[in-house]
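J.: kindly generate the corresponding structure for this input.
(chains A and B)
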Amino acid sequence: MRSPSAVSFFRAVSPPAAPLIVVFGVLAVGAAVLEDVESGASDWVLASIALVQLFASSTGFTRPATRGHYDTILLGRSRVSAALAHFAVSAAPGVAAWIACGASQALATGSARVPAFLPAGWATILLVSAIPWAASVRSSPFLGGALWLLLSVSLVVSGRVLGPLGRLHAAPSWAAEHPLEAFGLGLAFPVAIPSLEWPPGVPAAFAATAALAVAGGVAIVARADYSLAEEGA
Amino acid sequence: MTEALRVSRLEKLYGGRVVLRDVSISVHHGEVLGLIGANGAGKTTLLRILAGFVRPSRGRVEWKETGSPVPPLSTGYFAGAPTLPPRVRVRTWVRLVSGGTASCDDRRPIASLSRGSRQLLGLSTLFARADLGVVLLDEPWEGLDPDASRWLTDTVARRRSEGMAFLLSSHRLHDLAGLCDRYAFLLDGRVILRDAVAISPSAVRGEDLLAAFDRIRCTP
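T.: Residues are numbered from 1 along each chain as shown, chains lettered A, B, ... in the order given. Okay, the predicted model is just below:
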């Protein structure tokens, strides 16, 4: 007998929300159309994909697991593999849309050096996939994304983000002189990361942060008890 | 009969509440062990500890095939209709759980089935697996109609004769009676084991199990 792979199991049992997948599809097609009309016209689409990905990857793990929905795939298997598969399935639609958008840009410009495929671009899609996923492992779907968006909006409204973002946009060397502030700025407003220039260390720090978030989420999945919801309450 | 699973001095606390205490049992291939207890006695918790979903507070679970608390992939576990993912289509679930050995054309989501149909779906896809060695079932007769109940009883008896090991938890004593080789009564978190022969020299009936449970409860 061939056991289901963890990826095919989660694709069937716990896929990202269908409306969000449709939105990713519309954004990817929209980027292709915009690039066909005018090269570089779809840069803003990356920010939209990043924004939707905040919610798409916030799928939640513990709640369905304590309802027994994941019993089949957790029984006798590595929880680490299951958690990584769950993350991959949660992030896949957004990453696919990101790559499709980047491919449209690359075709239009004739170069692979487009925002989606630069280190900052990859770091962005990693960040907006990993942190909401990890933050939602023990909570309701969409909570990780909602909290991050709330933080970003609050910082924008308070005026703490737009000023530094403007400085960074006008003078990219500012990030090299203030790497910690630039890193914090990126975390506070991740959808802006692909449209800005960054010194090499900052995208690497974003990627490392994303990897740490995934590791944290995997550790939570691996160490949790999955009593059925009514037990031990 | 070879031992499939051994549990030694198991204890589980939720907060300060003791759910299981000093539980020691073993399950053998070619055997059906029935688990009987009141609501909240810890039957589901015990089964989920054996399946590796819940960690015990103390004690040890050893699956002989893996030599560890992690059950082998040949283990089957089903905790009832509510544990089936409601939005998955029936045919997708059959394909996933049976590993491709069974198929079905039903495109309805699982949530649209009646409770009994969902229970039967969970059990039939589990038993469609060819690799099963040990099966843990939590209230397997719940919601089944008479035909499906008889199918389940016959299937368990047949697969036991093929060497499969079963640990069945159920309130339906008349279904457990006559099927199990041994009975584990869970009372105040402790397990009291009785051989079927010790309960009744002839075929065990539901009334015999109830009387045995009463005797155990009244024994200081």
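J.: quick check: closest non-adjacent residue to A:G216.
T.: For A:G216, the nearest residue in space outside its immediate sequence neighbours is A:A134; the separation is 5.2 Å by CB to CB, 6 or more residues apart in numbering or on different chains. For every residue, glycine as well, the C-beta is placed using N, CA and C.
J.: excluding its backbone neighbours, what's nearest the residue in chain B positioned nearest to chain A?
T.: When scored by CB to the nearest CB, chain B has B:T83 as its residue closest to chain A, at 2.7 Å. Distances taken as CB to CB, 6+ apart place A:G68 nearest to B:T83, at 2.7 Å, with adjacent residues excluded.
J.: shouldn't that neighbour be in contact with B:L47?
T.: No - with contact taken as CB atoms under 8 Å, A:G68 and B:L47 are classed as non-touching, separated by 11.1 Å.
J.: by contact count, what packs against the worst-scoring helix or strand of chain B on mean pLDDT?
T.: With mean pLDDT, DSSP states H and E as the measure, the helix or strand of chain B carrying the lowest mean pLDDT is helix B:196-199 (a mean of 82). Of the remaining helices and strands, those touching helix B:196-199 by 3 or more CB pairs under 8 Å, 6 or more residues apart in numbering or on different chains; DSSP states H and E are strand B:182-187, helix B:206-218.
J.: save these as JSON lines, and put in distance to chain A and mean pLDDT too.
T.: As requested, the helices and strands packed on helix B:196-199 are exported to JSON lines (distance: least, CB to the nearest CB, whole Å; pLDDT from 0 to 100):
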{"stretch": "strand B:182-187", "distance to chain A": "14", "mean pLDDT": "93"}
{"stretch": "helix B:206-218", "distance to chain A": "22", "mean pLDDT": "86"}
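J.: pLDDT score assigned to the residue positioned nearest the centre of chain A?
T.: Nearest to the centroid of the C-alpha atoms of chain A, with distances taken as CA atoms, centre = their mean, sits A:S129, at 1.8 Å. With respect to pLDDT, A:S129 has a value of 97.
J.: what parts of chain B come near chain A?
T.: Applying CB under 8 Å from any CB of the partner chain, we find that chain B lies next to chain A at B:14-15, B:19, B:44-45, B:48, B:51-55, B:66, B:70-73, B:75, B:77-80, B:82-85, B:88, B:92-93, B:96-101, B:129-131.
J.: those residues of chain A touching chain B, which are they?
T.: A:1-4, A:8-9, A:12-14, A:64, A:67-69, A:71-72, A:74-77, A:225-228, A:231-232.
J.: how many neighbours does the closest residue to chain B within chain A have?
T.: Closest contact between chain A and chain B, by CB to the nearest CB, is at A:G68 (2.7 Å). By other CB atoms under 10 Å in any protein chain shown, 27 other residues sit near A:G68.
J.: which residues touch it?
T.: Applying CB atoms under 8 Å, 6 or more residues apart in numbering or on different chains to A:G68 gives the contacts A:228, B:79-80, B:82-84.
J.: and if you look at B:S24?
T.: B:7-10, B:191.
J.: skipping adjacent residues, who's closest to residue 96 in space?
T.: No chain in the question, so chain A it is. For A:A96, the closest residue by CB to CB, 6+ apart turns out to be A:F24, at 7.1 Å.
J.: try again with chain B
T.: Nearest non-adjacent residue to B:L96 (CB to CB, 6+ apart): A:P4, at 4.6 Å.
J.: give me the sheet partners of the helix or strand harbouring B:L167 and which way each runs.
T.: Secondary structure assignment for B:L167, by DSSP states H and E: strand B:165-169. Partner strands for strand B:165-169, per DSSP bridges, with pairing direction: strand B:32-37 (parallel), strand B:134-138 (parallel).
J.: quick check: domain ranges of chain B?
T.: Here the domain assignment for chain B is B:3-74+B:133-218, B:82-131, based on automatic domain parsing.
J.: so where's chain A uncertain?
T.: Residue ranges of chain A with pLDDT under 70: A:1-3, A:230-233.
J.: let's see that with 90 instead.
T.: Along chain A, segments meeting pLDDT under 90 span A:1-4, A:15-17, A:36-44, A:139-145, A:155-179, A:181-182, A:191-192, A:194-201, A:229-233.
J.: can you confirm the residue nearest to A:A96 is in a strand?
T.: No - note on A:F24: no strand contains this position according to DSSP: H, G, I helix; E, B strand; the rest coil, which reports helix.
J.: longest helix in chain A, by residue count?
T.: When chain A is parsed with DSSP state H, its longest helix is helix A:79-109.
J.: one more: chain B?
T.: Selection of the longest helix in chain B by residue count, based on DSSP H, yields helix B:146-161.
J.: quick one, what contacts A:V156?
T.: Residues touching A:V156, when contacts are defined by CB under 8 Å, 6+ apart, comprise A:162, A:189.
J.: got phi/psi on the closest residue to B:R115 other than its chain neighbours?
T.: In this structure, B:R115 finds its nearest non-sequential neighbour in B:G143, 4.4 Å apart by CB to CB, 6+ apart. When read as degrees, to the nearest 10, the backbone of B:G143 gives phi 80, psi -10.
J.: I'd like to know how many residues surround B:G143.
T.: A total of 17 residues lie near B:G143 under the criterion other CB under 10 Å.
J.: pull the contacting residues for it.
T.: Residues in contact with B:G143, defined by CB under 8 Å, 6+ apart, are B:81, B:114-116, B:118-119.
J.: can we see that at 6 Å?
T.: Each residue near B:G143 by CB atoms under 6 Å, 6 or more residues apart in numbering or on different chains is listed here: B:115-116, B:119.
J.: what's the ChimeraX syntax to select whichever of the contacts of B:S24 are buried?
T.: Here is the ChimeraX command that selects only those of these that count as buried (16 or more other CB atoms under 10 Å in any protein chain shown):
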select /B:7,10,191
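J.: and the contacts of B:S24, which is closest to A:A210?
T.: The closest of the contacts of B:S24 to A:A210 turns out to be B:L10 (CB to CB; 39.7 Å).
J.: got the angle between the strand or helix carrying the closest one and strand B:165-169?
T.: In this structure, B:L10 is located in strand B:3-14 according to DSSP H and E. Between strand B:3-14 and strand B:165-169, the angle formed by their directions is 30 degrees, by axes from the mean of the first three to the mean of the last three CA atoms, to 10 degrees.
J.: what's around A:S39, how many residues?
T.: Using other CB under 10 Å, A:S39 has 15 neighbouring residues.
J.: on the three-state scheme, it is what?
T.: Each residue gets one of three states, and A:S39 gets coil by three-state DSSP.
J.: from memory it sits against A:A108, does it?
T.: Yes - applying CB atoms under 6 Å as the test, A:S39 and A:A108 come out as touching, 4.3 Å apart.
J.: still on that earlier bit, most neighbours of all the contacts of B:G143, which one?
T.: In terms of neighbour count, B:Q119 stands highest of the contacts of B:G143 at 25 neighbours, by other CB under 10 Å.
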